[in-house]
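Enquirer: What shape does this take:
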Amino acid sequence: MATTPAATRRSAPLPRRQRTGLIALAVPDLEEPYFAELTALLVRRADARGVSILIQQTEGDHDREVNIANGIGLPPIDGLIHIPRSLTVGDLTRRTSPGPLVLVGEHIEASPFTHITIDNRAAAYDATAHLAAAGCRRIAYIGPRNTHPSDAADRRYTGYQDALAALGLDPDGALVAQVDSFTSGEGLRAMRTLVGLGVSLDGVVCANDSVAFGVLAALHDAGLRVPANVAVIGIDDVRAARTSVPALTSVAPDNDAIVETALSELERQITTPPGVDLPVRHVIVKATIIPRTSTAR
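Expert: Okay, the predicted model is just below:
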């Protein structure tokens, strides 16, 4: 786990507040397996610390994310862990109810608030390189989100492009399929489109595991065997990756580190005496490829 230097950035001094024992968690979508699993882990770890979590689902809606960052509609809380989709630096610096805040996941450039994430660019780079090492030469990517932009999506797509260039593989635009969201339905639709167009491919990097599950279903429907005909890899390593057919190779974030760091950083802000400037920390948590049947060529 790495922390980027942030010596010149300081969060505003925090006023002393009466502790409530309650923190809020803003999460985009609890129907997305990765967010559901991360939320469950946060709740368990917070409970072990004697803290309760109030869960707020934002659906990635900008106004909803801003309102939660400003404390609108929330009871008194000690702090906020926010997993944003569309927040900007401007939104955060204009908070009308400043207080302890930790950002998780989506990277917000030059954020004046503590932030914890994986290196999304490196995750997709490693996923692409893994397929190349398995013998794939026509590697597709399913996951750019132009209609519903996402920093994580952009960084993962860039990592895929970087890997193709570094490995000397063909950056064929026909191998790239857009999605509106990181869901199984979108993965299914995108893969069916590529198959229907007759695109030649022998590997697929998926922007996340949910997309990959849809890809596996589409390949099965088309009579293409995984991994013999097409190898598939996802990102997030949700529990269902272990029992999908075939079992899905995935890039696994260190969720324990994400959760423990988020809670510790929030506690650091909550307990800091009034008037004391806090260094802003940007923490990069490791992610590791978990090889399974879907890439065992």
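
Enquirer: in the stretch 1-150 of the chain, what spans have low per-residue confidence?
Expert: Low-confidence segments of the stretch 1-150 of the chain, defined by pLDDT under 70, span residues 1-17, 107-110.

Enquirer: hmm, try it at 90
Expert: Across the stretch 1-150 of the chain, the ranges flagged by pLDDT under 90 are 1-18, 60, 85-90, 92-93, 97-98, 105-113, 146-150.

Enquirer: Now do the helices in it.
Expert: Listed in chain order, the helices found in the stretch 1-150 of the chain under DSSP state H, counting those that start in this stretch are 33-48, 62-69, 89-93, 120-133.

Enquirer: what's the most buried one of those?
Expert: Among the helices of the stretch 1-150 of the chain, helix 120-133 has the highest mean neighbour count (mean count of other Cβ atoms under 10 Å), at a mean of 23. Glycine gets a C-beta too; all of them are placed from N, C-alpha and C.

Enquirer: helices and strands around it, which ones?
Expert: In terms of contacts (3 or more Cβ pairs under 8 Å, 6 or more residues apart in numbering; DSSP states H and E), helix 120-133 is packed against strand 139-142, helix 151-167, strand 203-206, strand 231-235, strand 249-253, strand 287-290.

Enquirer: Can you tell me which of these is nearest to Val66?
Expert: Val66 sits nearest to helix 151-167 of all those, at 16.5 Å, using Cβ to Cβ.

Enquirer: Can you tell me the strand partners of whichever helix or strand comes after that closest one and which way each runs?
Expert: Using DSSP states H and E, the helix or strand that follows helix 151-167 in sequence is strand 176-177. Using DSSP bridges, the strands paired with strand 176-177 are strand 139-142 (parallel).

Enquirer: want to throw the helices and strands packed on helix 120-133 into a markdown table with distance to Gly223 and mean neighbour count?
Expert: Shown next, in a markdown table, are the helices and strands packed on helix 120-133 (distance: least, Cβ to Cβ, whole Å; neighbours: other Cβ atoms under 10 Å):
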| stretch | distance to Gly223 | mean neighbour count |
| --- | --- | --- |
| strand 139-142 | 17 | 28 |
| helix 151-167 | 26 | 20 |
| strand 203-206 | 16 | 32 |
| strand 231-235 | 15 | 30 |
| strand 249-253 | 21 | 25 |
| strand 287-290 | 27 | 17 |
